[in-house]
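Let's see this in three dimensions:
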Amino acid sequence: MPFALTGVISGATVFGASQYFSSENNGEDFSYFTKASKNSAFAGMSSAVGDDFVKASKTTVPAVVTIKNYQDRATQRMPDNDMFDFFFGPGNSPFGGGQQRQQQQPPKNMPSGLGSGVIISPDGYIISNNHVVAGANKLEVVLSNKKSYIATLIGTDPNTDISLLKIEEKGLPYLNFANSDMVEVGQWVLAVGNPLGLNSTVTAGIVSAKGRSIDILSQQSRTPIESFIQTDAAINPGNSGGALVNVNGDLIGINTAIQSKTGYYEGYGFAVPSNLARKIVEDIKKFGLVQRGFLGIGSLDLSNDMQVAAYNQKNKANLKVGDGVYVTEVTGKSGAEDAGIKTGDIVTKIDNTDISSFADLSFAIGSRRPGDKVSVTYTRNGKPNTVTVTLKDQKGGTSSRSKEDLTVTEKIGSEFEPLSDRVKTDYGLESGVIAKNVIEGSEMDKIGVVDNYIVMEINGKPVNSQKDVEKILNGYKGNVQVKYVDSYGRITTRGFKMP
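Sure, this is the predicted structure:
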């Protein structure tokens, strides 16, 4: 069983500094990250409030940018569809339903979608949301002073909805990452972004809650990490990817989503915590992809009364609602199995972090990499136990991987299953494989291939199995031409450059 089934992994629209990636250890300049403060999260608050947040605003506004997403109209699944559906749910955008918007594409040379981003280094690294940049063939970054750049997309992570871009410039204003673990419910925060086309907008509010899971990242990922900072600072479409900062102007989160029945702000916004965002950024910069550690369990959130009731009914069980995560199954050869964790155990603590819900567990593991060791406390038959678990990746490894280590299907973002003879007959095909588990924002996704589309040929060669695909593309560095059949039976040929 794949570790991803658990959803308990390491990394929307985001943990403390990692010694492994410190400038002392690898020579890379992460000096723009703020060191964890031992002071209260409320330090300096009274003076900032008395100053009407002017200092924090002056620090933040120059470092928040507008991101314009341009797409190929021929294959466009418009990012404003993705962004508005992501914010409000399918069909609930203030601009009408998804089908109508698909027909009302922007004029040529106009961006398909707008979002925000945050400059995090003086040499032009910018953090944003994955859904802001998804599907783009060109990304334009506009600074608060109206200066414009074409950005390079360095990498994305749909599981946390984080993306990293780069523009070629020096001496830029930037924000420091604060330690989001120090954030407290009730503290003042500012949201800075470009909502509804209104550039450099600042809104104020408080942290309403921490560790929120709203089941929104599952729209773009099979293994999401959700432990959002909730705020009542006003956030609207266009804020996505912008900054949530404390009263000192330090970055504590990346604004990602709101909950709304109208399509506009109704009181609650959600940001990916800065500690998680920082970890994702470090991984993408160093390895080109996110290093994900897995605990290796299937789980049930005991704090969710509806989930517990459904589980009890299905399994004729008698679990009670409360704190902790119930282990429903253990993946073979996983770190959890190696450490002796069993079905029926209730995980209550990871290291020094109390686990009250699945969001707590997801975030605690989400800040770790393969090979990291964590202390897991669980109860079994009412008795507490503590074991050390070595986290592994989805393939059971405990070491870091780079892009060069990825398989062909990981590089292009799709798996494949053979076609049955019946399907070949029905479609009149002599060859083909069915695309499965297509990853949002992957090369296959960008050319319009989604789950259950039939791929007939790659680079003019027929394919009948995943091994055929791997044989054609293994070690290949050039342009890839994919001939496929969509759900309407239409045959299309489109291409991408092999990562």
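
for the stretch 101-250 of the chain, what are the low-confidence residue spans?
Applying pLDDT under 70 to the stretch 101-250 of the chain flags residues 101-108.

how does the chain divide up, domain by domain?
Here the domain parsing of the chain from automatic domain parsing is 10-289, 297-390, 407-497.

looking at the ones you listed, which is buried most?
When the domains of the chain are scored by mean count of other Cβ atoms under 10 Å, the highest mean neighbour count falls to domain 10-289 (a mean of 20). (C-beta placed from N, C-alpha, C; glycine too.)

my read: residue 64 touches residue 144, true?
Yes - under the criterion of Cβ atoms under 8 Å, residue 64 makes contact with residue 144 at 6.7 Å.

where does residue 423 land on pLDDT?
pLDDT for residue 423: 87.

For it, which three-state class applies?
Put simply, residue 423 is helix when judged by DSSP: H, G, I helix; E, B strand; the rest coil.

And for residue 62?
Residue 62 ends up helix, using three-state DSSP.

ok, and the closest non-adjacent residue to it?
residue 173 (4.0 Å; Cβ to Cβ, 6 or more residues apart in numbering).

OK, contacts around the one you found?
Residues counted as contacts of residue 173 (Cβ atoms under 8 Å, 6 or more residues apart in numbering) are 62-63, 119, 122.

That one: helix or strand, and which one exactly?
Following DSSP states H and E, there is no helix or strand that holds residue 173.

re the thing from before, joint contacts of residue 64 and residue 144?
The contact sets of residue 64 and residue 144 overlap at residue 200 (Cβ under 8 Å, 6+ apart).

wait, which of the contacts of residue 173 is closest to residue 488?
Nearest to residue 488 among the contacts of residue 173 is residue 119, at 43.0 Å by Cβ to Cβ.

just checking, that closest one touches residue 175?
Yes - Residue 119 is within contact range of residue 175, at 6.9 Å (criterion: Cβ under 8 Å).

now the helices for the stretch 51-200 of the chain?
For the stretch 51-200 of the chain, the helices defined by DSSP state H, counting those that start in this stretch cover 54-60, 79-88, 98-103, 130-133.

Kindly report the same for the stretch 251-400 of the chain.
Ranges of helices in the stretch 251-400 of the chain, per DSSP H, counting those that start in this stretch, are 274-287, 305-315, 335-338, 358-366.

From the contact counts, what lies against the last one?
When contacts are defined as 3 or more Cβ pairs under 8 Å, 6 or more residues apart in numbering; DSSP states H and E, helix 358-366 packs onto strand 201-212, helix 274-287, strand 297-301, strand 325-330, strand 346-350, strand 353-354.

repeat that with 7 Å
Helix 358-366 sits against strand 201-212, strand 297-301, strand 346-350, with contacts defined as 3 or more Cβ pairs under 7 Å, 6 or more residues apart in numbering; DSSP states H and E.

quick one, it and strand 201-212 angle?
Here helix 358-366 runs at 100 degrees with respect to strand 201-212, directions being taken by axes from the mean of the first three to the mean of the last three Cα atoms, to 10 degrees.

Of the helices of the stretch 251-400 of the chain, which is nearest residue 183?
Nearest of the helices of the stretch 251-400 of the chain (Cβ to Cβ): helix 274-287, 8.6 Å.

Show me what that closest one is packed against.
When contacts are defined as 3+ Cβ pairs under 7 Å, 6+ apart, helix 274-287 packs onto strand 148-157, strand 162-166, strand 251-258.

which residues touch the first one?
To tie it back to what came earlier, the one meant is strand 148-157. Residues from elsewhere that reach strand 148-157 (Cβ atoms under 7 Å, 6 or more residues apart in numbering): 11, 126, 130, 133, 138-142, 163-167, 169, 280, 284, 288-290, 441.

I figured residue 373 was touching residue 388, is that so?
Yes - counting by Cβ atoms under 7 Å, residue 373 does reach residue 388; the two are 5.4 Å apart.

Which among the helices and strands packed on helix 274-287 is found nearest to residue 220?
Among these, strand 148-157 sits nearest to residue 220 (Cβ to Cβ), with 9.9 Å.

Sheet partners, orientation included, of that closest one?
For strand 148-157, the paired strands and their directions (DSSP bridges) are strand 138-142 (antiparallel), strand 162-166 (antiparallel).

Now residue 324. Nearest residue, chain neighbours left out?
residue 346 (4.4 Å).

follow-up on the earlier one: comparing the helices of the stretch 51-200 of the chain by mean pLDDT, which bottoms out?
The minimum mean pLDDT among those belongs to helix 98-103 (a mean of 35).

Which of the helices and strands packed on helix 358-366 sits closest to residue 413?
The nearest among the helices and strands packed on helix 358-366, by Cβ to Cβ, is strand 297-301 at 24.8 Å.

how big is the angle separating the closest one from helix 305-315?
Strand 297-301 runs at 120 degrees relative to helix 305-315, counting by the same axes, to 10 degrees.

Alpha carbons only: can I get strand 297-301 in PDB?
Presented in PDB, the C-alpha positions along strand 297-301 are these (Å, rounded to 0.1, in the frame of the first residue of the first chain):
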ATOM      1  CA  ILE A 297      -0.100   4.900   8.500                       C
ATOM      2  CA  GLY A 298      -3.700   5.100   7.500                       C
ATOM      3  CA  SER A 299      -5.500   7.300  10.000                       C
ATOM      4  CA  LEU A 300      -8.800   8.600  11.400                       C
ATOM      5  CA  ASP A 301      -9.100  12.000  13.000                       C
END
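
Let the chain start at 21 from now.
With the count now opening at 21, the last piece we talked about shows up as strand 317-321.

Give me the helices and strands touching that strand, please.
In terms of contacts (3+ Cβ pairs under 7 Å, 6+ apart), strand 317-321 is packed against helix 325-335, strand 345-350, helix 378-386.

Give me the mean pLDDT for it.
The average pLDDT within strand 317-321 is 95.

Name every strand pairing with that strand and say which way it goes.
Strand pairing (DSSP bridges) places strand 317-321 next to strand 345-350 (antiparallel).

what about the strand it pairs with, distance to the chain center?
Relative to its chain's centre, strand 345-350 lies at 24 Å (Cα atoms, centre = their mean, to the nearest Å).

Need the mean per-residue confidence for it.
The average pLDDT for strand 345-350 rounds to 97.

and the angle for that strand with strand 366-370?
With the same axes, to 10 degrees as the basis, strand 345-350 and strand 366-370 are set at 110 degrees to each other.

ok, and what's touching strand 345-350?
Identification of contacts with strand 345-350 by Cβ under 7 Å, 6+ apart yields 316-322, 339, 356-357, 361-367, 375, 378, 381.

same thing but at 8 Å, please
Contact with strand 345-350 is made by 21, 316-322, 331, 339, 356-357, 361-367, 375, 377-378, 380-381, 398, as judged by Cβ under 8 Å, 6+ apart.

Dump the helices of the stretch 271-420 of the chain to a markdown table, plus mean pLDDT and distance to residue 506.
Shown next, in a markdown table, are those (pLDDT from 0 to 100; distance: least, Cβ to Cβ, whole Å):
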| stretch | mean pLDDT | distance to residue 506 |
| --- | --- | --- |
| helix 294-307 | 94 | 31 |
| helix 325-335 | 95 | 35 |
| helix 355-358 | 96 | 40 |
| helix 378-386 | 91 | 34 |
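
so can I have JSON lines of those helices showing distance to residue 491?
Shown next, in JSON lines, are the helices of the stretch 271-420 of the chain (distance: least, Cβ to Cβ, whole Å):
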{"stretch": "helix 294-307", "distance to residue 491": "26"}
{"stretch": "helix 325-335", "distance to residue 491": "43"}
{"stretch": "helix 355-358", "distance to residue 491": "33"}
{"stretch": "helix 378-386", "distance to residue 491": "35"}
